[in-house]
Structures are given as structure tokens and as C-alpha cells.
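Trainee: I'll drop the sequence and a predicted model, then ask my questions.
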Amino acid sequence: MQIVKYPNDILRERMPEFDFNNPTHDPVQLEKDMIEIMLASDGIGLAANQIGIRARVFTMGCKCHPQNAQAFFNPVIMENTEEMEDMEEGCLSFPGVFVKIKRPKSIRVRWQNAKSEVMEGTFSGMDSKCFLHELDHLEGIVFQDRVSTLKWAMAVKKSKKGRK
């Protein structure tokens, strides 16, 4: 599996719920494969549609603690703080482009793990940002949509300078 690059149409589609009763993929194997691809690509998050799979699932984790990486099936935001944080984001589907995006500082969420168990948790800082970025993917929203045209154009220009 390869990472889908923008402007591939699947990145603009809202992903369907992952159906544990009639799965299109083995959830445990899907989690394992997605984590492997994410870490091999130096990512901290990866949505299923970024590898061409139409399912409401994403992974989060980092190479520094690969044992903590996990998949989030059918994630839902239950609440978020009004306090916002402006942090830089990148995306495996937009190689080399980085842009600051304002997102809630903290979120409370619910999801299912690969065994279909319902989980709840609170994320803040980088984890909150990553969760929201990946959830956007499942909604068909790319991070380019979260910034002004000018801010995006500057980020793309900067990324092209970095590749020379």
C-alpha cells in the first residue's frame, strides 16, 4: 500500500463507518498495516483513505514509542475546549508542506479499538492536533481547507524552496 497524494479524489470523500459485524478488512491486521506504513513514512498519524481504504479509521503514534501507536475506529469528538492552540501541521498526502493551524487545545473523544471495544479518552497538545487532523481526513477535509489561500500559497512556496 502506498500513501495517496493530493489531489486524489478519495481524500475529499467522507469515509463510511467501519462495520465490525461485516468488516471489509480484518481490523487487527488493518491496525498493524496502517501503523507500519505510518511509522515507515515518518508520520504521526495516518487515515485509512490516505492508503486508499474507504473506512472510518486512523492511526496515531510515533517512532520514538512505536509500542504506543494505535488505531481509532469510528472516532467521535464528545467535547473540546474553547481555548485554541496554533500549531504547525504537516501531512503525508502533501509531502513537505507545513502550515500553522488553530485547533482546540484539548478534546474528549470516543472510539472503538481493533477488537471493537468502545474506548474514551482526553487528548491535548500535539495529540489533540493529530487526532483532529486525522478525523478531518475521514470527513473529506484536508488541512489546506483550514487556512487562508495566502497562507497556503506561502507554505507551498516554502516547501518548493526546501526541495531545491
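Mentor: Nice, I can see it. Numbering: from 1, shown residues only.

Trainee: does the residue nearest the centre of the chain sit in a helix, a strand or a coil?
Mentor: When C-alpha atoms, centre = their mean is applied to the chain, the residue found nearest the centroid is Glu134 (2.0 Å). Under DSSP: H, G, I helix; E, B strand; the rest coil, Glu134 falls in the helix class.

Trainee: Which helix or which strand is home to the nearest residue to it once chain neighbours are set aside?
Mentor: In space, Glu134 comes closest to Phe58 once its chain neighbours are excluded; the distance is 3.8 Å by C-beta to C-beta, 6 or more residues apart in numbering. Every C-beta, even on glycine, is put in place using the N, C-alpha and C of the backbone. Using DSSP states H and E, Phe58 maps to strand 57-60.

Trainee: Residues in contact with that strand: which ones?
Mentor: Contacts to strand 57-60, defined as C-beta atoms under 8 Å, 6 or more residues apart in numbering, come from residues 15, 18, 27, 30-31, 34-35, 38, 44-48, 69-75, 127, 130-131, 134-135, 137-138.

Trainee: Do you know the pLDDT at the residue nearest to the centre of the chain?
Mentor: Glu134 carries a pLDDT value of 98.

Trainee: Ala47 is in contact with that one, correct?
Mentor: Yes. The criterion here is C-beta atoms under 8 Å, and Glu134 meets it with Ala47 at 5.0 Å.

Trainee: And stretch 31-39, what's buried?
Mentor: Applying a neighbour-count criterion of 16 or more other C-beta atoms under 10 Å, the buried positions in stretch 31-39 are 31, 33-35, 37-39.

Trainee: with these in mind, which one is nearest to Val147?
Mentor: Closest approach between the buried residues of stretch 31-39 and Val147, by C-beta to C-beta: Met38, at 23.3 Å.

Trainee: I'd guess the closest one is in a helix, am I close?
Mentor: Yes. Counting by three-state DSSP, Met38 is part of a helix.

Trainee: Contact partners for the residue lying closest to it once chain neighbours are set aside?
Mentor: Distances taken as C-beta to C-beta, 6+ apart place Leu46 nearest to Met38, at 3.9 Å, with adjacent residues excluded. Each residue near Leu46 by C-beta under 8 Å, 6+ apart is listed here: 3, 34-35, 37-38, 58-59, 92, 134.
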